[in-house]
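Enquirer: Quick one: sequence plus predicted model below, questions after.
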Amino acid sequence: MEFFNYVVKPNMGMIDRVIRIFAGIAFFAGAAFSAPIMGPLHFGGVSVLLGAIGLILIIVGLIGLCPLYLFVNSWFDLNIKTLPSQETRVERMERSFRSGGGYW
């Protein structure tokens, strides 16, 4: 996963990722158990759709990159991300110098 973080910068925080993974598991389980219960009254595409949504949510949660956030950010010129900003050591030092602090 470390290599992936260098290729594509993740835009989801840990809480968002966990919620998506659990929601994906719930959708996937709903797809697996809905077909036998419904029997002949079950629409064929409902379980496939639930399974596909669940699989997408699980993959997006594991990767940490939401394509919808990327689309909304580029289309509407917003900066949506649930990942907390992480300052580098150099950025912390620069902020310290601007505020009047020293090296420490």
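Expert: Everything's here; your move. Residues are numbered from 1 along each chain as shown.

Enquirer: count of neighbours near R20?
Expert: 20 (other Cβ atoms under 10 Å). Heads up, the C-betas are built off the backbone N, CA and C, glycines and all.

Enquirer: Show me which residues of stretch 63-81 are buried.
Expert: For stretch 63-81, burial by neighbour count (16 or more other Cβ atoms under 10 Å) applies to I63, G64, L65, C66, Y69, K81.

Enquirer: Where helices are concerned, which of those count?
Expert: Those of the buried residues of stretch 63-81 mapping onto helices are I63, Y69, per DSSP state H.

Enquirer: closest to G45 among the buried residues of stretch 63-81?
Expert: C66 (25.1 Å; Cβ to Cβ).

Enquirer: mind listing the helices for the protein?
Expert: For the chain, helices defined by DSSP H occupy the ranges 2-7, 14-38, 44-63, 67-76, 89-98.

Enquirer: Could you tell me the least trusted of these?
Expert: When the helices of the chain are compared on average pLDDT, helix 2-7 comes out lowest at a mean of 61.

Enquirer: Around the nearest residue to I21 once chain neighbours are set aside, how many other residues sit close by?
Expert: Leaving aside its chain neighbours, I21 sits nearest to G61 (3.9 Å; criterion: Cβ to Cβ, 6 or more residues apart in numbering). Residues contacting G61 under the criterion other Cβ under 10 Å number 20.

Enquirer: Hmm, I15 and G61 touching each other?
Expert: No: using Cβ atoms under 8 Å, G61 is not in contact with I15, being 10.9 Å away.

Enquirer: List the residues that contact I25.
Expert: Contact analysis of I25 by Cβ atoms under 8 Å, 6 or more residues apart in numbering lists G54, I58.

Enquirer: Distance of it relative to I58?
Expert: 7 Å (Cβ to Cβ, to the nearest Å).

Enquirer: Contact partners for V18?
Expert: Going by Cβ under 8 Å, 6+ apart, V18 touches G61.

Enquirer: Tell me how far it lies from L50.
Expert: 20 Å.

Enquirer: How about A31?
Expert: 4 Å.

Enquirer: give me every residue that touches the residue lying closest to A26 once chain neighbours are set aside.
Expert: Using Cβ to Cβ, 6+ apart and skipping residues adjacent in sequence, the residue nearest A26 is G54, 7.2 Å away. Neighbouring residues of G54 by Cβ under 8 Å, 6+ apart: A23, G24, I25, A26, F27, F28, A29, G30, A31.
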